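Undergrad: can't give you the sequence, but here's the structure:
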Ligand code: ADP
């Protein structure tokens, strides 16, 4: 019988990487033999006993933390395992915001949106490859996710424009702070308040099965020793495989040597260990490159910068694309330019709206800054007359209401406030659209479409929503809607 007490894993600091052993009951004493490896067989190997939990969440990124907070609130005894020294995952690096429709913040701003609009944008942005049932489920839950975060003091009320969105739908912190850090900070505090700490430096290696159901995991502890944890339900929230060059090369050979914006722990572990117990995968070769990555440091320049007004200029000093097309199309356009890259050019107003520009690029000397377009062109090494003409005619067209020759219709904000900025950018691996096959209940499915008992997944480790291209703002929506969905289904399973 599952326990129903409101107990977290550890009351120590969330980011300290402290490993806790022996909480809860000792061995499960289960019998029988599961596939591929039984819990009993593991126990016989003198593995350290990490205790027994209602729910184990693997991966302390955005999806894992949403699942953890929700499950603790439903009374589950939860263990959150994280292989890196700190929590946050790729979520920590999310810049843009969270897409959501019909929110109180949109309503207050007079923006008309709907589940239909957001679903249609997501489906079209994903090249009509996404699973409409999963898409609609995410979009329908998005406003509630915004309210849930807001109820915990994580307020995302500043609306912006993002590529592929037909209305202002991306929600960001008022401060201009990057959304990922803001959410991770807030969720870390929520976990702390519930007495939950991520057990860091602990890598889950394998799912243990008993009588055809998930019964636990085998992990490696910070000392390199094997440890087993028993559970009734497992939520896999391990993110994608964007830092695993072998997997990238396996599914998309041309991306083997591309820079990646992903943190080094993004190795596709969850996909691999879930496949070993029969999980099916979907859209696995759909890997997103992001068009504005600074190549020497693989640092992402947020899509917000274009959403707020930046233009892209090539080394000849001319624009070459509608900058607000979806990420894959802008990336393709960049690859077709001399040097296979471009400069993102913007003014001080855009800078002021996005705090991360200063921290990530200006303070590190990665970006050209100048008081005039002429001076900026010289620093960029592009033909001065052509560049000045590019920017001034862009500004003049806006002022005169002339249609943009490249078809840009949104965020037509003139570059007028000095100083001006130009960052050299090119595409980099950013997001894995494919992953574990799940249903709207976040149950992981096998090749026959049947749920694997006790196995749930959420976030970038899953596939199906984003199809062939993920819209900016939809990853953060996905992790919050489906992180909570996974814990809801897992709790119902555990407490049934
Ligand atoms: P999402 O956006 O889906 O939440 P993130 O990349 O933000 O994904 O978070 C996934 C987290 O899972 C990362 O912190 C990563 O280090 C962690 N992780 C990946 N593989 C494992 C593993 N085998 N064991 C424990 N944690 C893992």
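TA: Ah, there it is. Worth saying up front: this structure is predicted, and the values here are computed from it rather than measured.

Undergrad: The nearest residue to residue 481 once chain neighbours are set aside sits in which helix or strand?
TA: Distances taken as CB to CB, 6 or more residues apart in numbering put residue 141 closest to residue 481, at 3.9 Å, once the chain neighbours are dropped. All C-beta spots, glycine's among them, are computed from the backbone N, C-alpha and C. Assigned by DSSP states H and E, residue 141 belongs to helix 132-151.

Undergrad: mind checking how far that helix is from the chain centre?
TA: Centre-to-centre, helix 132-151 and its host chain are 15 Å apart (CA atoms, centre = their mean, to the nearest Å).

Undergrad: Does that helix reach the ligand?
TA: No. Applying CB under 6 Å from any ligand atom, one finds helix 132-151 separated from the ligand by no less than 13.0 Å.

Undergrad: Which neighbouring elements make contact with that helix?
TA: strand 98-99, helix 104-108, helix 115-125, helix 474-494 (3 or more CB pairs under 8 Å, 6 or more residues apart in numbering; DSSP states H and E).

Undergrad: The residue nearest to residue 481: neighbour count?
TA: Neighbourhood size, residue 141 [other CB atoms under 10 Å]: 21.

Undergrad: what does residue 332 give?
TA: Using other CB under 10 Å, residue 332 has 15 other residues around it.

Undergrad: what's the closest of the helices and strands packed on helix 132-151 to the ligand?
TA: The minimum distance between the ligand and the helices and strands packed on helix 132-151 falls on helix 474-494, with 4.6 Å, by CB to the nearest ligand atom.

Undergrad: Could you see whether the ligand lies near that closest one?
TA: Yes. Applying CB under 6 Å from any ligand atom, one finds helix 474-494 in contact with the ligand at residue 479.

Undergrad: Show me which positions of that helix end up buried.
TA: Buried residues in helix 474-494, counted by 16 or more other CB atoms under 10 Å: 474-491, 493-494.

Undergrad: how long is stretch 86-105 end to end?
TA: Start and end residues of stretch 86-105 are separated by 32 Å (CA to CA, to the nearest Å).

Undergrad: any low-confidence regions in the stretch 1-150 of the chain?
TA: 1-45 (pLDDT under 70).

Undergrad: change it to 80
TA: Under the criterion pLDDT under 80, the flagged ranges of the stretch 1-150 of the chain are 1-46.

Undergrad: Let me know the pLDDT of residue 177.
TA: pLDDT for residue 177: 89.

Undergrad: My read is that residue 240 contacts residue 90, right?
TA: Yes. Applying CB atoms under 8 Å as the test, residue 240 and residue 90 come out as touching, 7.4 Å apart.

Undergrad: which SS class is the closest residue to residue 137 other than its chain neighbours?
TA: Using CB to CB, 6+ apart and skipping the chain neighbours, the partner closest in space to residue 137 is residue 440 (4.3 Å). Assigned by DSSP: H, G, I helix; E, B strand; the rest coil, the conformation of residue 440 is coil.

Undergrad: May I have the residues that are in contact with residue 440?
TA: For residue 440, the contacting residues are 133-134, 137, 485, by CB atoms under 8 Å, 6 or more residues apart in numbering.

Undergrad: repeat that with 7 Å
TA: Contacts for residue 440 (CB atoms under 7 Å, 6 or more residues apart in numbering) come out as 133-134, 137.
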